[in-house]
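Engineer: please work out how this folds:
(chains A and B)
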Amino acid sequence: MRQFLARRLAQAALVVVGVSLVVFFVIRLSGDPTYLLLPPTATEEDRVRLARQLGLDRPIWVQYGIFAQRALGGDFGRSLRFGEPAIPLVLERLPATLELTVAALVVSLLISIPAGILSALRRNKASDNLIMLGALFGQSMPVFWLGIMLILLFAVRLEMFPTSGRGSLMHLALPAVTLGLYSTARVTRLVRAGMLDVMGQDYIRTAWAKGLPRRRVIVKHALRNTLIPVVTIVGLELGTLLGGAVITETIFAWPGIGRLAVTAIFQRDYPVVQAVVMVTALVFVVCNLLVDLAYGWLDPRIRFD
Amino acid sequence: MATWTARGVLLLLLGGLALGQPTGEAEARDGDIVVAQKADVDTFDPAMSTATSSHVVTINIFDTLIRLSDDGRDFVGELAESWRVVDATTWQFKLRRGVKFHDGEEFNAAAVKFSLDATLSPERNTRMRPIYAAFKEARIDDPYTVSIVTHKPYAITLAQLQFLHMIPPKYAAKVGWEEFGRRPIGTGAFKFKEWQRDVRVVLEANDAYWKGAPKVRAVAFKPIPEDASRIAALQRGEVDIIDAVPYDRIREIEAASGLRISARQGEQIYIGLDTLRVEPFKKKEVRQALNYAVNADAIVKNLLLGYAVRLNGAFFPTTPGYDPNLKPYPFDPERAKRMLAQAGYPNGFDVEFTVSPTLQGIAKGGEVGEAIAGQLGRVGVRAKLSIQESAAVFSAYSAKKLQMYMFPWKSSPESGRHLETLLHSKTRGYYYQNPDTDRLLEAYFSTLETKKRQELGRELHAYLREDAPWIFLYQQQDIFGVRKAVSWEAKPDYLMRLRDVTAGK
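Structural biologist: So this is what the prediction gives:
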């Protein structure tokens, strides 16, 4: 177990270093922030002065060295746009994003697990076909379009929810559904397939034969064995959700890190982009680690060595 | 039959409905007037932000010495009661007495000097510094008289001063710039109350304001980046004013019972040509031919739905010296073809045409770019459209790599500052350098006397139209959606002063 953890942590560290390299160079190759920071009347001289002040005039490898050294100490530099340290800007928005992501995951699981089970139990019947059709719809709907449609219907027309912003549970509802529905479709299919597979197994037949109550067979024997691939997908899905949050947060003016990232990328606010990506990478890596550990709990046969 | 699952799903649906009970009246508002902008404030330190979204908010907290008149052509006093030109490089301002900052600190000549020094400071290297490059210093003549000294005679001193926010020396020194950028204090009609990043800024009325208390108690600014969501918030009544309404949603807002549209003149859109490296563009006749080849009127009418004004040259209609009698280049493809043939390009030529739809302020950039490329194709100029993201375009622009590019300019049309910045070879001579233009520009910007400057402006305007460094297009409008109960109107200074604005139910 300890060895397993050590190995996984080493892998995680490699991933983080890799991500830092990619984000550092990609954002720098894609454009220069000095133009966007100065008024349109600025001269070449003004720009050069600003670049020097921000350290952008040095060779890119030197810049990376400085960045990596400081980042190890948790210092990601100052936002070019806000003039404030980048890490607090990200951390103060992280709870909003986590709240949205978790809510979306809950929405997704609350719908997909019952729907997947129902669909498997009623294989090829009307309800199964209906659910699968719904899943197809859910997966093909762009998050962007769905979000705006929900706003128009539930906020503007029916006046049930606020159109955007963060605050009460009411504010959370529409963005969580928007973000959650996409992965709902995928997880439903997965649960359905898993259940169908498990329901044909010998031990289920045995369970039926023993005369166990239906509910016990489905929940204890079948569902539990279906959950392993579901947990894997949920772990990966978290990445998708964090990514999807970028769009959802922009549509719903949700004050999270996804929206911060979008603005920072357009402004070429290097330190903030780097900080957002690194924090997201860390969250993702930690989640994957937790998923791996969850296997052992779900399936005692799995050993970590 | 799996009744428990069915029950679960049912419960979930019921729960969803319960959660979704109509909230009826939109919940507690953040202010009597709520403005939704596309972007949030960067910082409240006026010298450190160049974003309009910041200035729209800060102008309610801070005052300036002067402001642009509502017709967009003249300047009127704010904290300056009067001013006069002492000599070619000195402007003297008499200040209003008895004005206090929100914390009680007195506004006087020392505060003016401090505000200019804080912006010009080489150590801070502020973002607004380039705007004041021509300013040498502020001299205190007496506690309520201050002289602004420029390095050389500078005709647009007033236009630049409309952006200089007055900041309190003692408070700024006490809290430092970073804190000042978070908790600002000014002399303005509203006091800073709260800033939750990406959520809202709340300001409350300054009852001791020197012009008298504002008409409402509190105002709020919310950033809502997505156009459709911002419009939805207005339709729902959550906000009162929204900016950046896309042209194709205007009808819908006008048709809604409680809403209206307020518009003002915005960005000038032009197509810059590399007259230094691209062989055909070195010839004036070719550049003129392109102006004949583009049907800007059709673009204004069909793509921009009429929300733009055709321009007859590089001047805005409010730029001093603008000549309304000058005709825009007429659409005449036959003539364009003839001119190209005479210039030695009977078969046209190839050129790369860079457009960035994400460039802030260009309405329908992609569509307009395609239309123009198509029109140029009809006279034989094969413009290969290159669609790029804005920061990438800026980098290529300063690296002198663009051949032909569509750009916007909006800032301070009343000064004509864009002409000096974009067309003088010493400022940004990336793509166009012409000693005659330089001479005309220098005369235009160093002449303080209004009438003489108008004349020089007319001469410059006509010369540039003839020399055609750009393909001249149009000035598009900025569109705002407003609740009818709110009395705000869009103004040509691109700001949003809320003191006089009333809000009914």
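
Engineer: count of residues packed around residue 221?
Structural biologist: Picked chain A for this. Counted with other C-beta atoms under 10 Å in any protein chain shown, the neighbours of A:H221 add up to 18. Any C-beta I mention is one placed from the backbone N, CA and C, and that applies to glycine too.

Engineer: wait, I meant chain B there
Structural biologist: B:F221, neighbours per other C-beta under 10 Å, totals 27.

Engineer: do A:R215 as well
Structural biologist: Neighbours of A:R215 (other C-beta under 10 Å): 12.

Engineer: tell me the pLDDT of it.
Structural biologist: On pLDDT, A:R215 comes in at 85.

Engineer: which strand or helix spans it?
Structural biologist: Using DSSP states H and E, A:R215 maps to helix A:214-216.

Engineer: mind listing what's buried in the helix or strand following that helix?
Structural biologist: Next in sequence after helix A:214-216, counting helices and strands by DSSP H and E, comes helix A:224-251. Within helix A:224-251, the residues that count as buried by 16 or more other C-beta atoms under 10 Å in any protein chain shown are A:225-227, A:230-242, A:244-251.

Engineer: likewise for stretch B:239-258?
Structural biologist: B:239-245, B:247, B:249-250, B:253.

Engineer: would the helix holding A:R215 count as contacting chain B?
Structural biologist: Yes: using C-beta under 8 Å from any C-beta of the partner chain, helix A:214-216 reaches chain B at A:214-215.

Engineer: now that helix, how far from the chain's geometric center?
Structural biologist: 34 Å (C-alpha atoms, centre = their mean, to the nearest Å).

Engineer: give the other helices and strands that it contacts.
Structural biologist: Judged by 3 or more C-beta pairs under 8 Å, 6 or more residues apart in numbering or on different chains; DSSP states H and E, helix A:214-216 has no packing partners among the helices and strands.

Engineer: circling back to that earlier point, pipe the buried residues of stretch B:239-258 into CSV and attach pLDDT per row.
Structural biologist: Below are those laid out as CSV (pLDDT from 0 to 100):
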residue, pLDDT
B:V239, 96
B:D240, 97
B:I241, 97
B:I242, 97
B:D243, 95
B:A244, 92
B:V245, 95
B:Y247, 93
B:R249, 94
B:I250, 94
B:I253, 96
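
Engineer: burial measure for whichever residue of the stretch 351-500 of chain B sits closest to chain A, as a count.
Structural biologist: Across the stretch 351-500 of chain B, the shortest distance to chain A (C-beta to the nearest C-beta) belongs to B:A391, at 3.1 Å. When neighbours are defined as other C-beta under 10 Å, B:A391 has 22 of them.

Engineer: now the end-to-end length of stretch B:396-410.
Structural biologist: End-to-end span of stretch B:396-410 (C-alpha to C-alpha, to the nearest Å): 21 Å.

Engineer: helix or strand for B:H165, which one?
Structural biologist: Assigned by DSSP H and E, B:H165 falls within no helix or strand.

Engineer: surely it meets B:G186?
Structural biologist: Yes: the criterion here is C-beta atoms under 8 Å, and B:H165 meets it with B:G186 at 6.7 Å.

Engineer: shared neighbours, the two?
Structural biologist: Common neighbours of B:H165 and B:G186 (criterion: C-beta atoms under 8 Å, 6 or more residues apart in numbering or on different chains): B:58, B:62-63.

Engineer: make a markdown table from those residues and add neighbour count, pLDDT and distance to chain A to it.
Structural biologist: What follows is those, written out as a markdown table (neighbours: other C-beta atoms under 10 Å in any protein chain shown; pLDDT from 0 to 100; distance: C-beta to the nearest C-beta, whole Å):
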| residue | neighbour count | pLDDT | distance to chain A |
| --- | --- | --- | --- |
| B:T58 | 22 | 97 | 14 |
| B:F62 | 25 | 97 | 17 |
| B:D63 | 24 | 97 | 20 |
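
Engineer: narrow the residues you listed to those in helices?
Structural biologist: Counting by DSSP state H, the part of those found in helices is B:T58.

Engineer: just checking, B:V85 touches B:L448?
Structural biologist: Yes: counting by C-beta under 8 Å, B:V85 does reach B:L448; the two are 5.6 Å apart.

Engineer: of the two, who's got more company?
Structural biologist: Between B:V85 and B:L448, counted using other C-beta under 10 Å, the more crowded position is B:L448 (17 against 14).

Engineer: wait, what's in contact with that one?
Structural biologist: Per C-beta under 8 Å, 6+ apart, neighbours of B:L448: B:85, B:88, B:153, B:155.

Engineer: did I read that right, it in a helix?
Structural biologist: No: looking at B:L448 with DSSP: H, G, I helix; E, B strand; the rest coil, it is coil, so not inside a helix.

Engineer: for it, give its distance to B:F135.
Structural biologist: According to C-beta to C-beta, to the nearest Å, B:L448 and B:F135 sit 15 Å apart.

Engineer: swap in A:R192?
Structural biologist: 71 Å.

Engineer: same check on B:L441?
Structural biologist: 19 Å.

Engineer: more neighbours: these two, which one.
Structural biologist: Taking B:L441 and B:F135 together and counting by other C-beta under 10 Å, B:L441 has the greater number of neighbours (23 against 20).

Engineer: so where do the helices sit in the stretch 401-505 of chain B?
Structural biologist: Here the stretch 401-505 of chain B has its helices, by DSSP state H, counting those that start in this stretch, at B:417-423, B:425-428, B:435-446, B:450-467.

Engineer: which among those is found nearest to B:A220?
Structural biologist: Set against B:A220 and scored by C-beta to C-beta, those come closest in helix B:417-423, at 32.4 Å.

Engineer: what residues sit buried inside the closest one?
Structural biologist: Those would be B:417-423, for helix B:417-423 by 16+ other C-beta under 10 Å.

Engineer: for these, which one is nearest B:A363?
Structural biologist: For the buried residues of helix B:417-423, the nearest to B:A363 is B:H418 (18.2 Å; C-beta to C-beta).

Engineer: and that closest one, what does it touch?
Structural biologist: Counting by C-beta under 8 Å, 6+ apart, B:H418 touches A:40, B:268, B:314, B:409, B:411-412.

Engineer: again with B:E179
Structural biologist: With contacts defined as C-beta under 8 Å, 6+ apart, B:E179 has no neighbours.

Engineer: that one in helix, strand or coil?
Structural biologist: Once three-state DSSP is applied, B:E179 turns out helix.

Engineer: separation between it and B:M496?
Structural biologist: Distance of B:E179 to B:M496, computed by C-beta to C-beta: 25 Å.

Engineer: ok, B:V112 next?
Structural biologist: Taking C-beta to C-beta as the measure, B:V112 falls 24 Å from B:M496.

Engineer: circling back: which ones among the contacts of B:L448 map onto strands?
Structural biologist: B:V85 (DSSP state E).
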